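Student: Structure of the sequence below:
(chains A and B)
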Number of protein chains: 2
Amino acid sequence: MLYLIGLGLADETDITVKGLEVVKRAERVYLEAYTSILHVGKDKLEAFYGRPVIVADREMVESSSDEILAGAHESDIAFLVVGDPFGATTHTDLVLRAQELSIPTKSIPNASILNAVGATGLQLYNFGQTVSIVFFTDNWKPASFYDRIRENASIGLHTLLLLDIKVKEQSLENMARGRKIYEPPRYMTVACCAQQLLEIEAEKGEGICSEDSLAIGCARVGADDQTFVCGTLKELCDVDVGPPLHSVVLIGKRAHELERDYIRPFAINQDAFDKSWKKYQGE
Amino acid sequence: MLYLIGLGLADETDITVKGLEVVKRAERVYLEAYTSILHVGKDKLEAFYGRPVIVADREMVESSSDEILAGAHESDIAFLVVGDPFGATTHTDLVLRAQELSIPTKSIPNASILNAVGATGLQLYNFGQTVSIVFFTDNWKPASFYDRIRENASIGLHTLLLLDIKVKEQSLENMARGRKIYEPPRYMTVACCAQQLLEIEAEKGEGICSEDSLAIGCARVGADDQTFVCGTLKELCDVDVGPPLHSVVLIGKRAHELERDYIRPFAINQDAFDKSWKKYQGE
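Tutor: Below is the predicted model:
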C-alpha cells in the first residue's frame, strides 16, 4: 500500500495519530521536500518517528516514482507531504502511477494552507480560486494571476496567493553545464509579493490589485508564532513578517462585518484600515 | 488559554499529536457537536483521550459561551471541532468573545472537507466559493446557492456543496410549546442534494445545475470507506453512497485532463462520463 500522509503545517507534532502509526510501521518513509516545508528539519522528524526518512526531491518524484513505489505491492510505503497530500498536482501523478501498477493507495488528510488560512478570520466560504505567485526575473514576469484575481474580485471573493519557494534550483550556468550544484533556498516574502502585484497592476491598470487594495500578509500559519498583518498592498510592500513560509490574502469586497472585526487587530494602522474598509463597502 | 482543536474528519485517531497533547492536559474538554460529526461517538473519544468530554450544542456555544470560557485565564480549555476549527462562523464568534475577556486563544488546525475533497483528484486551486445546501421543506426552498454556483461556473470553477445536517432540532410543535424534545438527526444525502438542485434548476432554467451537469458525490471523506461517485446530476439522484457525511462537487468547465483521468474510475457509467466530459470541453 502507498500511503500519502499529510504532515500539517508547522512541526513534527502536527502529524495525525493515524498518520504517525503508519509512519512507524512502514517499510520506507519518503518526505516530499520541494512544494512546501515544515519549520523543522529532517533530523527532527527522524528523531520523532524513531526511524530514517528519505528526502524526495522533484526529480525523484517526477522521474523516478517507480523507485518510491518499489515493493508497495507487499509492504507499506509512506510518502509524507507537508500540509495535505492533495495540495499539489504532483501527488495525484504519483497516485495515478501507483494505480497503473495496481498498487493500492490511501491518503491521510491534514491541514493545508488552503483551510488553515481561516485562522485569519476570513470565512473560507468566501474564497475564490487559489493563485500561485512565482518569483519574477528580469525577463520573466508571468502575469496570468492577474486574470484569476480579477475573476475572483468580480464576484467579491477573497483570493489566497501561495508564494513561490525555490528549493534545489540550479543557476542557468550550472544547468547548462550539467553541474548538480544548487542555489540556496529562497522563499517569497509578503513584501516581495505585494511589490510584484503592484508592478503588474502598473502595467495593466485595471485596479485589480492596486496600492489601496486591502490584503492580509500571513506568516508561519499554524505555528506558535503564526503572524497576520493587514494593510493596503502599498503598506505591505514594506512589512517584515519574519521567517517563511508566507502567503497573502487579497480581501474581496463581499467581506462581512464579522470578518472585519476579526482582522482589524491585525491592521498595520487601524485608522487607515477603517477608512479603507469603508471605501471597500462603498464601492 | 482557549484552544480550538481540529479533530479531522473520520475517527479519534485523526487528531494531531499536538492536539492530543493539549486535550490530555486541559482543564475541561468540550466537543462541538452540531456543525459536523465524526464517525465515532463521544464514548470512543473519551476512551481514547482517557478523560471526560462535554458535548457542546449550538445553544451552549452561541448563548452560554462564557460557561465554556470560565477559568480560561488561569487554565487551559480545549474546544474540539470536527474538521478544522475555522470551518464554521460560529467559532470565530467564540474567539472574539474570548478576546473581549482578554483570554488568550490558540488554534490547532486539521483537515477540513474544504481541502480533503482534493482526494477526488480535482485540483483544489480550481475551486470557487463553497456553498451550503439546506434541507428544503414544503414552504421553504432557499435558492441563493444558485447564484453562487452560477458565479463559480461563469469562470469555469468547481463548486463544493456542503450538505445540511440537522442535529438536536425541535419540531415546530415542540418548539412552540417550549418542550425540549428533539427530532432524530438527519444528514442530507448526495441523492437528496442532486434532486434539490434539479428542482431549483427547473424553476430558474438557466442551465446552471441541469440534468447533464457533471458532479462527484462524496461520502465519508477521509475515512477508510471514503467513497466517490461521479455522474450527471440526473444519475446522482438515484445513487446510494451509504452512511453520512456526504458532500457534492459540481465540476467546472475549466477542468484539466489530469483531473478527468483521476475521476473517471469513479464514474457510474464510464462511457456516459466520456460523452459528458467531451460535451463539457466542447462548450
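
Student: Show me what the one helix or strand A:Phe79 maps to is packed against.
Tutor: With elements taken from DSSP states H and E, the one containing A:Phe79 is strand A:77-81. Of the remaining helices and strands, those touching strand A:77-81 by 3 or more CB pairs under 8 Å, 6 or more residues apart in numbering or on different chains; DSSP states H and E are strand A:2-6, helix A:17-25, strand A:28-32, helix A:65-69, helix A:89-100. Backbone N, C-alpha and C define where each C-beta goes, glycine included.

Student: try 10 Å
Tutor: Here strand A:77-81 touches strand A:2-6, helix A:17-25, strand A:28-32, helix A:42-49, strand A:54-56, helix A:65-69, helix A:89-100, strand A:105-108, going by 3 or more CB pairs under 10 Å, 6 or more residues apart in numbering or on different chains; DSSP states H and E.

Student: neighbouring contacts of the fourth one?
Tutor: The set of residues that contact helix A:42-49 without belonging to it, under CB atoms under 10 Å, 6 or more residues apart in numbering or on different chains, is A:7, A:11-13, A:15, A:20, A:23-24, A:26, A:29, A:31, A:33, A:38, A:40, A:51-55, A:78, A:80, B:17.

Student: Just the buried ones from those residues, in ChimeraX syntax?
Tutor: Filtering those down to the buried ones (16 or more other CB atoms under 10 Å in any protein chain shown) takes a single ChimeraX command:
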select /A:7,11,12,13,15,20,23,26,29,31,33,38,40,53,78,80 /B:17
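
Student: returning to that earlier point: which neighbours does the strand holding A:Phe79 have in its sheet, and in what orientation?
Tutor: For strand A:77-81, the paired strands and their directions (DSSP bridges) read strand A:2-6 (parallel), strand A:28-32 (parallel).

Student: Domain parsing of chain A, as residue ranges.
Tutor: Described in terms of the TED database, the domain architecture of chain A consists of the residue ranges A:2-111, A:114-281.

Student: Is it possible to get a markdown table of those domains that adds mean pLDDT?
Tutor: Formatted as a markdown table, the domains of chain A follow (pLDDT from 0 to 100):
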| stretch | mean pLDDT |
| --- | --- |
| domain A:2-111 | 93 |
| domain A:114-281 | 94 |
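
Student: Tell me which of those is the most buried.
Tutor: Compared across these, domain A:2-111 shows the largest average neighbour count, a mean of 20 (mean count of other CB atoms under 10 Å in any protein chain shown).

Student: Using PDB, write out every CA atom in stretch A:148-161.
Tutor: Output for stretch A:148-161, consisting of C-alpha atoms alone and laid out as PDB, is shown next (Å, rounded to 0.1, in the frame of the first residue of the first chain):
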ATOM      1  CA  ARG A 148      -7.500  34.900 -11.800                       C
ATOM      2  CA  ILE A 149      -7.600  37.600  -9.200                       C
ATOM      3  CA  ARG A 150      -9.900  39.700 -11.500                       C
ATOM      4  CA  GLU A 151     -12.300  36.800 -11.800                       C
ATOM      5  CA  ASN A 152     -12.500  36.300  -8.000                       C
ATOM      6  CA  ALA A 153     -12.800  40.000  -7.400                       C
ATOM      7  CA  SER A 154     -15.600  40.300 -10.000                       C
ATOM      8  CA  ILE A 155     -17.700  38.200  -7.700                       C
ATOM      9  CA  GLY A 156     -16.500  39.800  -4.500                       C
ATOM     10  CA  LEU A 157     -14.400  36.800  -3.300                       C
ATOM     11  CA  HIS A 158     -11.100  36.700  -1.400                       C
ATOM     12  CA  THR A 159      -8.100  35.300  -3.100                       C
ATOM     13  CA  LEU A 160      -5.400  33.200  -1.400                       C
ATOM     14  CA  LEU A 161      -2.000  33.800  -3.000                       C
END
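
Student: and that stretch with chain B, contact?
Tutor: Yes: interface with chain B: stretch A:148-161 contributes A:Arg148, A:Arg150, A:Glu151, A:Asn152, A:Ser154, A:Ile155, A:Gly156, A:Leu157, A:His158, A:Leu160 (CB under 10 Å from any CB of the partner chain).

Student: Let me know whether stretch A:191-199 sits next to chain B.
Tutor: No: figure legend: stretch A:191-199 not in contact with chain B (CB under 10 Å from any CB); closest approach 16.8 Å.

Student: Likewise for stretch A:255-268?
Tutor: Yes: with CB under 10 Å from any CB as the measure, stretch A:255-268 is seen reaching chain B through A:His256, A:Leu258, A:Glu259, A:Asp261, A:Tyr262, A:Pro265.

Student: Among those residues, name the ones in helices.
Tutor: With DSSP state H as the criterion, helices contain A:Leu258, A:Glu259, A:Asp261, A:Tyr262 from among those.

Student: of all these, which comes closest to A:Ala116?
Tutor: Closest to A:Ala116 out of these is A:Tyr262 (15.0 Å), distances taken as CB to CB.

Student: Quickly note the distance from the nearest residue to the closest one once chain neighbours are set aside to A:Asn115.
Tutor: The spatially closest residue to A:Tyr262, leaving aside those adjacent along the chain, is A:Gly121, at 2.7 Å (CB to CB, 6 or more residues apart in numbering or on different chains). Remark: distance between A:Gly121 and A:Asn115 (CB to CB, to the nearest Å) = 14 Å.
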